[in-house]
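Enquirer: Model the structure of this input:
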Amino acid sequence: MQECTTAKSEYVTQLVTLQDSAKSQWNTIFNTLKQLEADFSPQLSFLETQIKIKAEGVQSQVIENLKRIGSDLSSQLTTLQGQLTAEAQQQLQQIQSAQVVFQQDIQGLRSNLASETQQVKAAQADFQQTVQSLKSSLAGVRDQSLAQVKAIELESATALTQWQTDLQARQAQTFQELSGFSQQISERVRALESDIDDRKTKTQGELQQIASDVVSQLSNLKASVQALQQETQQSLQTTQSVTTQKLSALETEAQTEKAQILERLASLTPSAIASSAVQDLTAQIQTLTDTLNRLQTNHPKLFADISDYVTQAESFRTAGQLEAALQSFDAALELQPENADLWVQKASTLSEAKRHEDAVTALNKVLDLRPDDPDIWYQRGQYLKELKRYDGALSAFNRVVKIRPDDAKVWLNRGLMLERLKRNEDAMDSYEKALEINPDYPEALVNRGAILGMLQRHEDALAAFDKAVQIEPQDTVAWMNRGLAQEVLDKYDEAFQSFDKVVQLNPDSHKAWSHRGYALVKLERYPEAMTSLETAEQLNPKYANTFYSKAVCHIRNGQVDQGLEHLEQAVELNPRYRENARSDPDFYDLWEDEWFRDIIQQ
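Expert: Numbering: from 1, shown residues only. Take a look at the predicted model:
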């Protein structure tokens, strides 16, 4: 149908064209006649008869021509109309035939589609059954796996419990044996004391018997002396002397024997007996100690203590041996895998070792145990920030502000992450929230000022930096940003003072020395400016602003070649200075310089 409509449109167009052509030819002839009439009007009276005759002839001829042309056009139009009609009929028939075929194809496609739809539905049903079967299978496998894991955990716990029970039993047995040894020693000491008492009693009896014998002997001697006294009065003195000597010797001997007996008794004191027994006991204890030491050497985990591992880990960490510290923490976690504090300490050590990804994994374990701990979420955000995973860090800080909405530090870090994600308006809101909580928060003021600067609100930014340096006069970042804001606002004298404060606090800041030099250039203090810029270049020979500032300084002093040389260096280091030079009034007089145009048009 569209082809038929197109053909009809073409036919109408051709017809209109032919009609316009005929009218154009007739008008041309008519205008020609008028022109001829006008041309020959001065001679009309003279040639009237001839003109009339000729005009009648020409008119007749023209009429004949017009009739012939009209007849020819009518014939052509009729022929063309017939051809177009025939073509239209032919195309219409073709279209109708195509329509029938198309309808048949559509019907076939509908049938095929219905069939395929049924097949898809059947396949979908089969797929759903398969999925359901897989779900059931997976559930069974999962339940079986969980059961196996629980069984393994139970067996491990049982084995550990049995191990601990055996160890406790061994310890109890050892203590019991030691108690038995102590009891045996006490009994032996008591027996020895009893034996000593018996020997002492026996010895005392013997001494008494000796003393009795001596007294008896003395009595006999006295009797003998008295009997002999009458018989041998003269020899009495001699006998008495001899007897006295014998008695003295006997007494000395008795004393000596007595001393020897007492000395032997003294050597048999309880302390000596106990000392001998203690030596035996010490030997037995040493044997047990050696056995325990060998057991501890071969199986140290039987004697392991969490506090020992933690102390050891802290010692390694203090000494900078971070991997050894991590091994100690792992050993402690094997004993207490659900100890959240141990996981926190391990995460901190991993972060110190620059293993931030592993530190995040360790904190995830802590969050499984303490899911609402804001400190752990905050630390997780810090580790993710170090990994430049700003979306994850933002999510962590968002979690903290929900739990602890009055923490300005968290709002500050949240703003930093939003700034990294180029969400400056949201970052501004976060910084302002931090300042609502703590209006004298220097870091929040500086970051808010930086956002304001990016938003071209330089006066507001300067106000934020002013307040920051009032609160924290030693903050070089705040002073630096204050100077940059003043530089943008063409407050070069104040900018110089800010940059000068930075180099006083941090003499190694090449950026401060460079912008300090630029401010001095704008203040037309050129020698001081070059000194400052030379210092900046020595600290960092790749900082483009230094060379741009040198270029401005040289241009202002009429040193064009040196100025363009430094401008070329600045553009090579940072192409944005090409645009700066195009709009900088200090370079307006160089627009006719071919070198300058080459630099800014590259």
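
Enquirer: To what extent is Asp375 buried, counted in neighbours?
Expert: Close neighbours of Asp375, defined as other Cβ atoms under 10 Å, add up to 13. To be clear about C-beta, it is placed using only N, CA and C from the backbone, and glycine gets the same treatment.

Enquirer: What does the pLDDT read for it?
Expert: We have a pLDDT of 93 for Asp375.

Enquirer: With Trp479 instead?
Expert: 96.

Enquirer: Relative to Asp490, how far out is it?
Expert: Here the distance between Trp479 and Asp490 works out to 19 Å (Cβ to Cβ, to the nearest Å).

Enquirer: Settle it for me: which of the two has more neighbours?
Expert: Between Trp479 and Asp490, Trp479 has the larger neighbour count (other Cβ under 10 Å), namely 28 against 8.

Enquirer: Could I get the contacting residues of that one?
Expert: Phe465, Val469, Ser498, Phe499, Lys501, Val502, Leu505 (Cβ atoms under 8 Å, 6 or more residues apart in numbering).

Enquirer: Thought Val521 was touching Ala552, still the case?
Expert: You called it Ala, but residue 552 is Val. Yes: between Val552 and Val521 there is a contact under Cβ atoms under 8 Å: 5.4 Å.

Enquirer: ok now do the residue lying closest to Glu352 once chain neighbours are set aside, which residues does it touch?
Expert: Leaving aside its chain neighbours, Glu352 sits nearest to Leu322 (6.1 Å; criterion: Cβ to Cβ, 6 or more residues apart in numbering). Residues counted as contacts of Leu322 (Cβ under 8 Å, 6+ apart) are Phe316, Thr349, Glu352, Ala353.

Enquirer: Where does the prediction get shaky in this protein?
Expert: Low-confidence segments of the chain, defined by pLDDT under 70: 1-305, 602.

Enquirer: Could you check how far Leu412 is from Glu443?
Expert: Taken as Cβ to Cβ, the span from Leu412 to Glu443 is 6 Å.

Enquirer: How about Gln562?
Expert: For Gln562, the distance to Glu443 equals 42 Å [Cβ to Cβ].

Enquirer: What of Ala485?
Expert: Counting by Cβ to Cβ - Ala485 and Glu443 are separated by 17 Å.

Enquirer: Tell me which of those two has more neighbours.
Expert: Using other Cβ under 10 Å, the more surrounded residue of Ala485 and Glu443 is Ala485, with 27 against 21.

Enquirer: re earlier: out of the contacts of Leu322, who has the most neighbours?
Expert: Busiest of the contacts of Leu322 [other Cβ under 10 Å] is Thr349, holding 23 neighbours.

Enquirer: what residues are up against it?
Expert: Ala313, Arg317, Leu322, Ala325, Leu326, Phe329.

Enquirer: out of everything not next to it in sequence, what's closest to Ala464?
Expert: Using Cβ to Cβ, 6+ apart, the nearest residue to Ala464 is Gly449, at 3.4 Å.

Enquirer: Equivalent analysis for Leu505, please.
Expert: The nearest residue in space to Leu505 (Cβ to Cβ, 6+ apart) is Thr476, at 4.9 Å.

Enquirer: residues in contact with the one you found?
Expert: Here Thr476 is in contact with Val502, Leu505, Asn506, Ser509, Ala512 (criterion: Cβ under 8 Å, 6+ apart).

Enquirer: okay if I get those as TSV plus neighbour count and secondary structure?
Expert: Output for the contacts of Thr476, formatted as TSV (neighbours: other Cβ atoms under 10 Å; DSSP: H, G, I helix; E, B strand; the rest coil):
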residue	neighbour count	secondary structure
Val502	24	helix
Leu505	14	helix
Asn506	15	coil
Ser509	20	coil
Ala512	27	helix
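
Enquirer: Tell me how many other residues crowd Val552.
Expert: Neighbour tally, Val552, other Cβ under 10 Å: 24.

Enquirer: secondary structure element for it?
Expert: According to DSSP states H and E, Val552 maps onto helix 544-556.

Enquirer: Who are the packing partners of that helix?
Expert: helix 510-522, helix 526-539, helix 560-573, helix 576-583 (3 or more Cβ pairs under 8 Å, 6 or more residues apart in numbering; DSSP states H and E).

Enquirer: and among those helices, the most buried is which?
Expert: Ranked by mean neighbour count, the helices and strands packed on helix 544-556 are led by helix 510-522 with a mean of 25 (mean count of other Cβ atoms under 10 Å).

Enquirer: Can I get it in PDB, CA atoms only?
Expert: Taking Å, rounded to 0.1, in the frame of the first residue of the first chain, the C-alpha atoms of helix 510-522 are listed here in PDB:
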ATOM      1  CA  HIS A 510      58.400  23.900  48.500                       C
ATOM      2  CA  LYS A 511      54.800  24.800  47.800                       C
ATOM      3  CA  ALA A 512      54.800  27.500  50.400                       C
ATOM      4  CA  TRP A 513      58.200  28.900  49.200                       C
ATOM      5  CA  SER A 514      56.900  29.000  45.600                       C
ATOM      6  CA  HIS A 515      53.600  30.800  46.400                       C
ATOM      7  CA  ARG A 516      55.500  33.100  48.700                       C
ATOM      8  CA  GLY A 517      57.700  34.100  45.800                       C
ATOM      9  CA  TYR A 518      54.700  34.700  43.500                       C
ATOM     10  CA  ALA A 519      53.100  37.000  46.100                       C
ATOM     11  CA  LEU A 520      56.400  38.900  46.300                       C
ATOM     12  CA  VAL A 521      56.400  39.200  42.400                       C
ATOM     13  CA  LYS A 522      52.900  40.700  42.600                       C
END
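
Enquirer: Appreciated, that's everything.
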